[in-house]
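Sequence and predicted structure are below.
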Amino acid sequence: MSNKKAALYIRVSTAMQADRDSLPLQRSDLANYAKLVLNIDDYEIFEDAGFSAKNTDRPKYQEMMARVRSREFSHILVWKIDRISRNLIDFCEMYEEIKKYDTAFISKNEQFDTSSAMGEAMLKIILVFAELERKLTGERVLSVMIDRASKGMWNGARPPLGFDMSADLDYPVVNEEEADLVRFIFDLYEDLRSSAKVSRYLQEHGYKTKRGGNWGSKVVTDILHNPFYIGTYRYNYRESARGKKKNENEWVEVEDNHPAIIDKDQFRRVQNIIDSNFKGNSQSHRNNWKTHIFSKIVFCEHCGRIYVSNTGLLRADGITPSRYYCTGVASGGKCTGTIGDVTLVPFIFNYLLNYCNLTERITEKMRFSTIEKILLSGPYFINVESIEASTIEAIKEYLCHRPNIEIYQNPECFARRITPPKNQVQDEIKKFETALNRLNELYLFSEESMSQKEYILKKKEFESKLADLKSEDKNSVNEPEIQSSINHEMYLKNIVMLKALFESKFPVTHEGLMKNIGTEMLYQIVHDLILKITVKNNMVQSIIFKNGIVHRFNYKMNSSSRIISNVDLFLYANRDKIINYVEKHGTIDRKTIREITGAGSTESETAIRSLLRKKEIILIKDGKNKRYTLPKAQN
């Protein structure tokens, strides 16, 4: 019949069956059956080779069902019913669906047709026994595998890191190169006491997993938990490869079954640390606690998750910068965002310094391009193409039309401007706000000495007391206006404080800030001014200040996320001196470069190589007294 079209579905479960005669046999039988018995010449064959019948997640099967839903086929023809599925639920769902599209199901070997009630009933009975057979077969296989495991025999699966499969022994043997990495992981964990930190270290230093992938805390934890490394073969431990653990009485464990690569005492120590961390009893993290300057304000531009803070590695200059990781990394997700203080500190604080300079210079007539140039002044912004126009517009509006801060610096003027408080709590609030303002002025401008530590502790004390008082004063109608004014005042006060602290040379470096100002003060400034920082590809994408303005950056094409080096800083400060000298005198040698820049021989040589690489200068005389000129001078 011309309106009939059959889908011939063929499946074999192993590559061995596919390579022999199973597929050709099914193909031939079904094609002949369609033509001779069903009188259907129009058919299409769907083949899934090497797929199990435990579910219907097979490419050709799914393609066939999609076309059934478009009413392309009148019949589905299979060689045997278990070619579709051995799972009764899966088959029943399939059958109920194809009935909606008037598609008949026919099994060639079982000789029934679901277009009849008897055929449909027989089909379901057969499936019940097919599923029973599969479960019985699974139980028999499991009992054989457990028997083999109890004798210390390998039951398949990939060997863990540190071992390779031996065809001769039919059992994993030690891979010495990988075994060294496993030993290093155990040693590193005893030092860091955190699988997340270990995974980040391995990732940052170029180590690869057994299959060449990226490290995650779950991968490290699995290695640390695996008794295979102390010579114990464990089987029937989980429901599946990543499933939940089975009851301990179902496990098969054979101790000293193969050569160990980890000492049993070290393995026990590691398990104790893991258990202690899990129970929250570890004191090591509390004892080693340090202030992370950008803690809880760095977010991933890619996935929106917050970055977690961790202590990085000790540097040669004695500084231990923090590193920040997207929680997508810690949770084993695909997002691998990361950034460190070495990148964040100079970028953020040099930008704040530029903002300080802008507050002093800005006028109503200043162009957007001039504002942008001021904000992006310095070597730490060499990869930034621009700041979004909406950002610059908002900055100009805010700075040019802000309330007169001098009014708020005088407590008496402040009292006249705002309706006096009507209760004792508001009096206390006003008192502490005034005290906080005077504390800032005392630290910044008074000749009387006050240590940084004293200032921070006192400021935190006042701010804590203010927060408590404001939570009590819920019924005050004047508080929102006071709060708005105080926020604005405190924001600009911090800008003033920032500039007073950074009277050193510009640009400021990570090392200089950490040694001269310290982590605590940098933390205080950042968290007083900034609400949120977003990061992508190791580069700052936006800074959201507490005054509500979002400063968003656009980067140049093919921008690199590399850390700004001392050479970059040297060239930023001295490039114009070198180029101007060459323009005036025609050439320059290495000795002259050292004289006009005050640099040492190593620093100047590195700078020369950088200028040569960028083709800003060219070598015209080689030998002991090398000389350089500008490229255009050769024309």
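Now that the structure is in, tell me what you want to look at. Residues are numbered from 1 along each chain as shown.

so the residue lying closest to residue 227 once chain neighbours are set aside bridges to which residues?
Setting aside the residues directly before and after it, residue 227 is nearest to residue 234 in space (C-beta to C-beta, 6 or more residues apart in numbering), at 5.6 Å. For glycine as for every other residue, the C-beta is placed from the backbone atoms N, C-alpha and C. Applying DSSP bridges to residue 234 yields these beta-bridge partners: residue 253.

Check the gap between residue 234 and residue 59 for me.
Using C-beta to C-beta, to the nearest Å, residue 234 is found at 35 Å from residue 59.

Repeat that for residue 230.
43 Å.

Compare these two and say which is more crowded by neighbours.
Neighbours were counted for residue 230 and for residue 59 using other C-beta atoms under 10 Å; residue 230 has more, 18 against 11.

Give me the phi and psi for that one.
Here is the backbone geometry of residue 230 (degrees, to the nearest 10): phi -110, psi 20.

surely it meets residue 260?
Yes. Using C-beta atoms under 8 Å, residue 230 is in contact with residue 260, at 4.8 Å.

what about the helices in the stretch 451-600 of the chain?
Along the stretch 451-600 of the chain, counting by DSSP state H, counting those that start in this stretch, helices occupy 452-472, 479-501, 510-516, 519-529, 566-585, 590-597.

Residue 578 - how many residues pack around it?
Neighbour count of residue 578, defined by other C-beta under 10 Å: 22.

Distance of it relative to residue 377?
Counting by C-beta to C-beta, the gap between residue 578 and residue 377 amounts to 20 Å.

now residue 117: how far from residue 137?
For residue 117, the distance to residue 137 equals 31 Å [C-beta to C-beta].

more crowded one of these two?
A count of neighbours by other C-beta under 10 Å puts residue 137 above the other of residue 117 and residue 137, at 11 against 8.

got a pLDDT number for the more buried one?
Per-residue confidence (pLDDT) for residue 137: 71.

on that earlier part again, residues contacting the residue nearest to residue 227?
227, 228, 251, 252, 253 (C-beta atoms under 8 Å, 6 or more residues apart in numbering).

I'd guessed the third one sits against residue 235; true?
When you say that, I think you mean residue 251. Yes. Contact between residue 251 and residue 235 holds when scored by C-beta under 8 Å: they sit 7.4 Å apart.

Give me the more crowded residue out of these two.
Per other C-beta under 10 Å, whichever of residue 251 and residue 235 has more neighbours is residue 235, with 19 against 15.

wait, the more buried one sits on residue 147?
No. The criterion here is C-beta under 8 Å, and residue 235 misses it with residue 147 at 10.5 Å.

show me where the stretch 201-350 of the chain has strands.
Taking DSSP state E, counting those that start in this stretch as the criterion, the stretch 201-350 of the chain carries its strands at 233-235, 252-254, 298-300, 307-311, 322-326, 338-340.

Just list what the second one packs against, helices and strands only.
It stands for strand 252-254. Using 3 or more C-beta pairs under 8 Å, 6 or more residues apart in numbering; DSSP states H and E as the contact test, the elements touching strand 252-254 are helix 117-150, strand 233-235.

Follow the chain on from the longest one and name the next helix or strand.
Meaning helix 117-150. strand 163-166 (DSSP states H and E).

Parallel or antiparallel, list what pairs with that next one.
Strand 163-166 has these strand partners (DSSP bridges): strand 171-174 (antiparallel).

and the direction of the helix or strand following the strand it pairs with versus that of strand 307-311, what angle?
The helix or strand immediately downstream of strand 171-174 is helix 176-192, counting by DSSP H and E. Per axes from the mean of the first three to the mean of the last three C-alpha atoms, to 10 degrees, the angle that helix 176-192 makes with strand 307-311 is 90 degrees.

Show me what counts as buried in helix 176-192.
Residues of helix 176-192 classed as buried by neighbour count (16 or more other C-beta atoms under 10 Å): 178, 179, 181, 182, 183, 185, 186, 188, 189, 192.

same question, stretch 69-81
Buried residues in stretch 69-81, counting neighbours by 16+ other C-beta under 10 Å, are found at 73, 74, 75, 76, 77, 78, 79, 81.

Please name the bridge partners of the fourth one.
If I follow you right, that is residue 76. Residue 76 has these beta-bridge partners by DSSP bridges: residue 7, residue 105.

ok, it - contacts?
With the criterion set at C-beta under 8 Å, 6+ apart, residue 76 makes contact with 6, 7, 9, 64, 68, 98, 103, 104, 105, 106.

are any of those residues buried, and which?
Here, 16+ other C-beta under 10 Å leaves 6, 7, 9, 64, 68, 98, 103, 104, 105, 106 buried among the contacts of residue 76.

Which strand or helix spans the fifth one?
In other words, residue 68. Using DSSP H and E, residue 68 sits within helix 59-69.

average model confidence for that helix?
The predicted model gives helix 59-69 an average pLDDT of 92.

Then stretch 530-550?
The pLDDT scores in stretch 530-550 average 89.

So for that stretch, first residue to last residue, what's the gap.
Taking C-alpha to C-alpha, to the nearest Å, stretch 530-550 runs 10 Å from one end to the other.

Run through who's touching that stretch.
For stretch 530-550, the surrounding residues in contact (C-beta under 8 Å, 6+ apart) are 294, 297-302, 307, 324, 337-339, 343-344, 347-348, 351, 383, 391, 394-395, 398, 487-488, 491, 528-529, 551-553, 555, 559, 561.

Any idea how far it is from the middle of the chain?
Remark: stretch 530-550 is offset 17 Å from the chain centroid, using C-alpha atoms, centre = their mean, to the nearest Å.

so what's the closest residue to residue 344 other than its chain neighbours up against?
Leaving aside its sequence neighbours, residue 344 sits nearest to residue 294 (C-beta to C-beta, 6+ apart; 5.7 Å). The neighbourhood of residue 294, defined by C-beta under 8 Å, 6+ apart, consists of 307, 309, 322, 324, 341, 344, 348, 526, 533.

centre of the chain versus stretch 244-253, how much separation?
34 Å.

Surely residue 607 and residue 579 touch.
No. The criterion here is C-beta under 8 Å, and residue 607 misses it with residue 579 at 11.9 Å.

Settle it for me: which of those two has more neighbours?
Shown here are residue 607 and residue 579; by other C-beta under 10 Å, residue 607 has more neighbours (21 against 15).

Pop the domain breakdown of this structure in here.
6-137, 163-287, 290-419+478-556, 566-634 (automatic domain parsing).

just for the stretch 101-250 of the chain, where's the confidence low?
Applying pLDDT under 70 to the stretch 101-250 of the chain picks out residues 113-116, 120, 123, 126-127, 130-131, 134, 239-243.

and the closest residue to residue 74 other than its chain neighbours, what is it in contact with?
The spatial neighbour of residue 74 that comes closest, neighbours along the chain excluded (C-beta to C-beta, 6+ apart), is residue 4 at 4.7 Å. Residue 4 is in contact with 38, 39, 40, 42, 74, 75, counting by C-beta under 8 Å, 6+ apart.

how close does residue 4 sit to residue 30?
For residue 4 relative to residue 30 (C-beta to C-beta), the value is 15 Å.

For residue 168, give its distance to residue 265.
The value you get for residue 168 to residue 265, if C-beta to C-beta is used, is 32 Å.

Counting neighbours, go ahead and name the busier of these two.
residue 265 (9 against 6).

Could you report the neighbour count for residue 339?
Residue 339 has 25 neighbouring residues, counting by other C-beta under 10 Å.

What residues does it make contact with?
298, 307, 323, 324, 535, 538, 539, 540.
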